[in-house]
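>>> Build me a model from this:
(chains A and B)
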Amino acid sequence: MRFNANHICFAAACTVLTTIRSSETEDARLIATINPGALEIMPASLATEFSPIQANITLTGVAQSDAITFNISDIEINDLNGDGLGWKLSAVPYVLSHTSNGSTLPIGTVKGFQNPSDVTNSLVESPDELIYLSGTGIANYQVDYEISYTIPVTASAGGYTGVIVFNIVAQ
Amino acid sequence: MKTLKTILTASVSLGFASILNAGLNETAVLNASITAGGLEIVPASVSGPWSANGGASVSITGTLQSDALVFNIDGVTVNDLDGNGQGWTLTATPAANLVQGANNLPLGTQDGFNNPSDAPSTTGVNTNSLSYTPGGGVVGYTVDYDVAYDVPALVPAGAYSGSVAFVLASL
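Predicted coordinates for the structure are as follows:
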């Protein structure tokens, strides 16, 4: 009886070996690597020089709070780095400086970031800080930024220029 | 002298009798058994791993990249040595997605089988199957197989993998 059992096991083993050797099924292994794209503020969305929304700005002999307002519309973000993280967009505005004598116009009210294209995943932590909470990535995200400057009593007439530095980091 | 003659006669008679017993025709029986070889996909011809686009990188762009990952599995090799007098069919089943954990790159265009080494004997070539009709067996038959995968607009970066299952069966 024991002999017969061994015989059966041996036959089964042979069957398995035959099947393996026949190689009637083979898998081709496919491998692909996807490289990250950029986490970026699209340069083109900030490339132009921005002008105040007010058409005429005139010295009046009194301080004019928030007399000069810039609305920087449609700052565009791409998060294509595929890192599974969200990001933080921050802004650092600087005073406006007279193009000839260097006198300055101070920063007034900063409404900052507003009107994000994806409200659900956007958290405006402060006027100068916006957090995007989703890590799935996004293309062509847009947000506006608004800032005003005050004209002091003693301001000089003439042209003024300044910058706002925007920065984006993953988080 | 008489004595000598008698002896000689007896000797000749004995020799003749000996030739009669040996027989004039004898047949040597030859037995040989031919063991079947395999009907097989040569494992080394498909195991890979296969890289997309010849190893060229693909980056996330924020837009759907159709057929961005093209796999050319060249030289899938078949041996029909089973001596059964039948042809065979070869089928392919590509994975529905290349995967990285829960992330997927979906199957794109399947160009499938192409460029068989024995075109006249290859019939029914379509995307995922072909037939080889002669039953005389074949060694080192080769055919190529092409399949592509899409890269969605937003997908985590990193390495993705999948497989194409090839199955060979007698007709």
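>>> drop to CA atoms for contacts and neighbour counts, all remaining ones
Noted.
>>> thought residue B:113 was touching residue B:130?
Yes: with contacts counted by C-alpha atoms under 8 Å, residue B:113 reaches residue B:130, the gap being 7.4 Å.
>>> All the helices of chain B, in order from the start?
Here chain B has its helices, by DSSP state H, at B:2-22, B:43-46.
>>> ok, and does stretch B:111-130 reach over to chain A?
No: on the criterion C-alpha under 8 Å from any C-alpha of the partner chain, stretch B:111-130 is out of touch with chain A, staying 13.3 Å away.
>>> just the CA coordinates of that stretch, formatted as PDB?
Below are the C-alpha coordinates for stretch B:111-130, written out as PDB (Å, rounded to 0.1, in the frame of the first residue of the first chain):
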ATOM      1  CA  ASP B 111      -0.400  47.400 -32.500                       C
ATOM      2  CA  GLY B 112       0.000  43.800 -31.400                       C
ATOM      3  CA  PHE B 113       1.700  41.100 -33.400                       C
ATOM      4  CA  ASN B 114       3.700  42.000 -36.400                       C
ATOM      5  CA  ASN B 115       6.800  41.100 -38.400                       C
ATOM      6  CA  PRO B 116       6.600  37.200 -38.200                       C
ATOM      7  CA  SER B 117       9.700  35.400 -39.400                       C
ATOM      8  CA  ASP B 118       7.600  33.000 -41.500                       C
ATOM      9  CA  ALA B 119       5.000  35.200 -43.000                       C
ATOM     10  CA  PRO B 120       3.600  32.800 -45.600                       C
ATOM     11  CA  SER B 121       2.800  30.200 -42.900                       C
ATOM     12  CA  THR B 122       1.400  32.700 -40.500                       C
ATOM     13  CA  THR B 123      -2.300  33.400 -40.700                       C
ATOM     14  CA  GLY B 124      -5.000  35.200 -38.800                       C
ATOM     15  CA  VAL B 125      -2.600  37.900 -37.600                       C
ATOM     16  CA  ASN B 126      -4.600  40.400 -35.600                       C
ATOM     17  CA  THR B 127      -3.800  42.500 -32.600                       C
ATOM     18  CA  ASN B 128      -3.600  39.900 -30.000                       C
ATOM     19  CA  SER B 129      -3.400  36.500 -31.800                       C
ATOM     20  CA  LEU B 130      -1.800  34.700 -34.700                       C
END
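>>> which residues touch that stretch?
B:89-93, B:110, B:131-134, B:141-147 (C-alpha atoms under 8 Å, 6 or more residues apart in numbering or on different chains).
>>> For those, which ChimeraX command selects only the ones that are buried?
Buried subset of those, written as a ChimeraX selection, criterion 16 or more other C-alpha atoms under 10 Å in any protein chain shown:
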select /B:89,90,91,92,110,131,132,133,141,142,143,144,145,146,147
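>>> Over to the nearest residue to residue A:105 once chain neighbours are set aside: give its phi and psi.
Nearest residue to residue A:105, sequence neighbours excluded (C-alpha to C-alpha, 6 or more residues apart in numbering or on different chains): residue A:96, at 5.1 Å. Backbone torsions for residue A:96, taken as degrees, to the nearest 10, come to phi -90, psi 140.
>>> what's the burial count for residue A:96?
20 (other C-alpha atoms under 10 Å in any protein chain shown).
>>> Please name the residues that touch residue B:58.
Counting by C-alpha under 8 Å, 6+ apart, residue B:58 touches A:33, A:34, A:35, B:68, B:69.
>>> can I get those in TSV with distance to residue A:75, pLDDT and neighbour count?
As requested, the contacts of residue B:58 are arranged in TSV below (distance: C-alpha to C-alpha, whole Å; pLDDT from 0 to 100; neighbours: other C-alpha atoms under 10 Å in any protein chain shown):
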residue	distance to residue A:75	pLDDT	neighbour count
A:33	31	93	18
A:34	27	93	19
A:35	25	93	18
B:68	29	97	19
B:69	32	97	29
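>>> partner residues bridging residue A:41?
residue A:77 (DSSP bridges).
>>> In this model residue A:80 seems to touch it, though I could be wrong.
No: using C-alpha under 8 Å, residue A:41 makes no contact with residue A:80, being 11.3 Å away.
>>> Of those two, which one has the most company?
residue A:80 (28 against 20).
>>> now that one: how far from chain B?
6 Å (C-alpha to the nearest C-alpha, to the nearest Å).
>>> Can you report phi and psi for that residue?
phi -120, psi 20.
>>> Find the residue closest to it in space, skipping its chain neighbours.
residue A:37 (4.5 Å).
>>> go on, residue B:165?
residue A:27 (4.4 Å).
>>> ok so the one you found is a strand residue?
Yes: residue state for residue A:27 (DSSP: H, G, I helix; E, B strand; the rest coil) corresponds to a strand.
>>> thinking it is in contact with residue B:163, fair?
Yes: assessed by C-alpha under 8 Å, residue A:27 is found in contact with residue B:163 at 6.1 Å.
>>> Which ones among the contacts of residue B:58 map onto strands?
A:33, A:34, A:35, B:68, B:69 (DSSP state E).
>>> re the thing from before, pretty sure the residue nearest to residue A:80 belongs to a strand, no?
No: assigned with three-state DSSP, residue A:37 falls outside any strand and is coil.
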